[in-house]
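Peer 1: predicted structure and sequence below. I'll ask about it afterward.
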Amino acid sequence: MEQAEDLSQYPLELTGKNVPMVRFKKVAKRYGSLTVLEHLDLDVAEGEMVTIIGPSGSGKTTVLRTLMTLERINEGVIYVDGKPLTHMEKDGKLVPASQKYLRAMRSKIGMCFQHFNLFPHMTALENCMEGPVHVLGIPRKQARERSEELLEMVGMADKRDQHPSRLSGGQQQRVAIARALAMRPKVMLFDEVTSALDPEVIGEVTNVIRRLVSDYNLTMLMVTHQMGFARDISDRVCFFYRGRIEEQAPPSELFGDPKSDRTRQFLSAVKEAV
Amino acid sequence: MADWDWDFTWEILPRLLAATVNTLLAAGIGYIIAMFLGLAFALAQRTPSNTLTMAVREAVEFIRSTPLVLQIFFVFYVGPEFGVVLSPWVAGMIAIGLHYAAYLSEVYRGGLENVPQGQWEAATSLNLSTARTYFRIIIPQALPPSIAGMGNYLVGIFKDTPVLSVIGVAELMQTANSIGSENYRYLEPYTMVGIIFLLISLPSAALLRSFDAWVRRKLGMN
Ligand SMILES: Nc1ncnc2c1ncn2[C@@H]1O[C@H](COP(=O)(O)OP(=O)(O)OP(=O)(O)O)[C@@H](O)[C@H]1O
Ligand SMILES: [Mg+2]
């Protein structure tokens, strides 16, 4: 049995001038004896685009999955929009979040996956409408209009009545982005959304993400192996190494003049692989 | 050797056909019970409660490892000793429904486990409720791979209905027995029973295959 953590060191909520949209505070995640995240501190400001890069197994996906509440954390607290996500207040103290609380907080976050994970038995439009109608309780007609707008935005309006099996990978990923946006999240998470795609269709997905950066006031956290893309659109790049942030900086700095040897090694290894 | 008697055959045919309706009814009702109860068994084995999971798993194992006829006798004859007096029909439907529920729950379980983990994660990230996730996302995808197995058990339950004759349910077998003992002729009634079963079983298999294809098309997965 793990020793109970002293949660009194964490504030019940974040207040003040510069409250980040996302804050990881001393977050640890373990699978048995394997420590995947080790006392991770990470802030993402509202509207910021932060990219996570790093070697395989360094915990990049785990950061996103804990934020999406797909995984529970072992230590620390994650805050979203100033309020605790992984915990909740009870009698003036933080306690682990209940399912009900998680459900309320989860609505602020949307996620896109490497393998799209569209619902195969629903059309593109139905995929986008499922959440708005059945979770947010938006009337069908309104949800439909909004979903159609989003499909239009990702360039998939003409395929709205197709099932995923009839769509290419790039098209499926664009539908998946529209589906996540339809829930009106404040934070969007992208986990290697182009890794499963053929090279010639990667552009159609990255262009959609570029659009999100320029036209939407979304806070975004993205894991990618595409260094060029990360360099182009990120406000900040975090290099992960063994569950910790080894180095973080604006892209020009991190790619142009990395401070850490490990970052340098990783970047040159990636360059050679291309 | 007895010769085939066509007059006798025509004479008993209406009675046999009437009993066929009962057989189909027994198979149909039993199967509907088995479908829903089986789903409950399968879902119960996926709850966070270990006690419930273990209890249901043991019950399913127990039912699958003992003969149907014993279960029918049990419900019908042992029930009254505990104050549960049931008509042959009700007892028969409970026993056969329970028996096939155990088998169907295994089919469902396989189907549910077949649905990729990513579907659960997508449902969670869209904040769908657990019930909505099961009934709108997971079960529709677990269904198509389960249909072949479900079809086999539909034909199976139909062929097992004669066992209900042991407690006097007036289905085909029971009726053929009565006709035989009333007339001291068994060749025609039993042969006719065999032919009726064949005529229903064979097309069912083909029908099930087209149903399978239809469901897959309907769910947009081919
Ligand atoms: N469910 C799990 N059970 C046990 N170990 C796990 C589990 N999920 C992830 N891990 C381990 O946690 C570590 C970090 O995994 P994670 O998926 O976050 O890495 P990553 O940085 O995204 O790697 P990649 O670039 O390969 O996607 C890995 O060593 C992985 O094997
Ligand atoms: Mg990963």
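Peer 2: Thanks, I have the structure now. Ligands and ions are numbered 1, 2, ... in the order given.
Peer 1: and the helix or strand hosting B:Val193, what other elements does it pack with?
Peer 2: Taking DSSP states H and E as the definition, one finds B:Val193 inside helix B:187-218. The elements that helix B:187-218 packs onto, with contact taken as 3 or more CB pairs under 8 Å, 6 or more residues apart in numbering or on different chains; DSSP states H and E, are helix B:6-44, helix B:139-160, helix B:172-183. In this view, the C-beta of every residue, glycine as well, is placed from N, C-alpha and C.
Peer 1: quick one: mean pLDDT for that helix?
Peer 2: Computed over helix B:187-218, the mean pLDDT rounds to 89.
Peer 1: hey, what's the angle from that helix to helix B:6-44? Just curious.
Peer 2: 40 degrees (axes from the mean of the first three to the mean of the last three CA atoms, to 10 degrees).
Peer 1: what parts of the stretch 101-250 of chain A come near chain B?
Peer 2: Contact residues (CB under 8 Å from any CB of the partner chain) of the stretch 101-250 of chain A with chain B: A:103, A:106-107, A:109-111, A:113, A:115, A:117-123, A:130-131, A:134-135, A:163-166, A:179-180, A:183.
Peer 1: next, give phi and psi for the residue in the stretch 101-250 of chain A that chain B sits nearest to.
Peer 2: Of all residues in the stretch 101-250 of chain A, A:His163 sits closest to chain B, at 3.2 Å by CB to the nearest CB. According to degrees, to the nearest 10, the main-chain angles of A:His163 amount to phi -80, psi 160.
Peer 1: tally of neighbours for it?
Peer 2: 20 (other CB atoms under 10 Å in any protein chain shown).
Peer 1: what about A:Leu14, which helix or strand?
Peer 2: Taking DSSP H and E as the criterion, A:Leu14 maps to no regular element, lying outside all helices and strands.
Peer 1: related to what we said a few turns ago, figure out which of the helices and strands packed on helix B:187-218 is closest to A:Glu204.
Peer 2: Proximity of these to A:Glu204 was assessed by CB to CB; the nearest stretch is helix B:139-160, lying at 27.0 Å.
Peer 1: select only the buried ones of the residues of the stretch 101-250 of chain A next to chain B in ChimeraX?
Peer 2: In ChimeraX syntax, the buried subset of these is picked out as below (16 or more other CB atoms under 10 Å in any protein chain shown):
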select /A:103,106,107,109,110,111,113,115,117,118,119,120,121,122,123,130,131,134,135,163,164,179,180,183
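Peer 1: picking that back up, of all the helices and strands packed on helix B:187-218, which one comes closest to ligand 1?
Peer 2: Closest to ligand 1 of the helices and strands packed on helix B:187-218 is helix B:139-160 (CB to the nearest ligand atom; 21.8 Å).
Peer 1: what's the angle from the closest one to helix B:6-44?
Peer 2: If you take the same axes, to 10 degrees, helix B:139-160 sits at 140 degrees to helix B:6-44.
Peer 1: show me where chain A has helices.
Peer 2: Listed in chain order, the helices of chain A (DSSP state H) span A:60-67, A:99-106, A:124-134, A:140-153, A:169-181, A:199-215, A:227-233, A:251-256, A:261-273.
Peer 1: output the ones you listed as CSV; include the columns mean pLDDT.
Peer 2: As requested, those are exported to CSV (pLDDT from 0 to 100):
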stretch, mean pLDDT
helix A:60-67, 97
helix A:99-106, 94
helix A:124-134, 97
helix A:140-153, 96
helix A:169-181, 97
helix A:199-215, 93
helix A:227-233, 94
helix A:251-256, 95
helix A:261-273, 90
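Peer 1: any idea which of those gets closest to ligand 1?
Peer 2: Shortest distance between ligand 1 and those, using CB to the nearest ligand atom, is found for helix A:60-67: 3.1 Å.
Peer 1: now do that closest one: distance to the chain's middle.
Peer 2: Per CA atoms, centre = their mean, to the nearest Å, the displacement of helix A:60-67 from the mean C-alpha position of its chain is 7 Å.
Peer 1: same question for stretch B:83-100.
Peer 2: Taking CA atoms, centre = their mean, the mean C-alpha location of stretch B:83-100 is offset from the chain mean by 13 Å.
Peer 1: that stretch - what's its average pLDDT?
Peer 2: Model confidence over stretch B:83-100 averages 94 on the pLDDT scale.
Peer 1: list the buried residues of it.
Peer 2: Neighbour-count burial for stretch B:83-100, counted by 16+ other CB under 10 Å, picks out B:86, B:88-89, B:91-100.
Peer 1: from those, which land in strands?
Peer 2: Assigned to strands by DSSP state E, none of those qualify.
Peer 1: make JSON lines from these and add distance to B:Gln119 to it.
Peer 2: Written out in JSON lines, the entries for the buried residues of stretch B:83-100 read as follows (distance: CB to CB, whole Å):
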{"residue": "B:Leu86", "distance to B:Gln119": "42"}
{"residue": "B:Pro88", "distance to B:Gln119": "44"}
{"residue": "B:Trp89", "distance to B:Gln119": "41"}
{"residue": "B:Ala91", "distance to B:Gln119": "40"}
{"residue": "B:Gly92", "distance to B:Gln119": "39"}
{"residue": "B:Met93", "distance to B:Gln119": "35"}
{"residue": "B:Ile94", "distance to B:Gln119": "35"}
{"residue": "B:Ala95", "distance to B:Gln119": "36"}
{"residue": "B:Ile96", "distance to B:Gln119": "34"}
{"residue": "B:Gly97", "distance to B:Gln119": "30"}
{"residue": "B:Leu98", "distance to B:Gln119": "31"}
{"residue": "B:His99", "distance to B:Gln119": "31"}
{"residue": "B:Tyr100", "distance to B:Gln119": "28"}
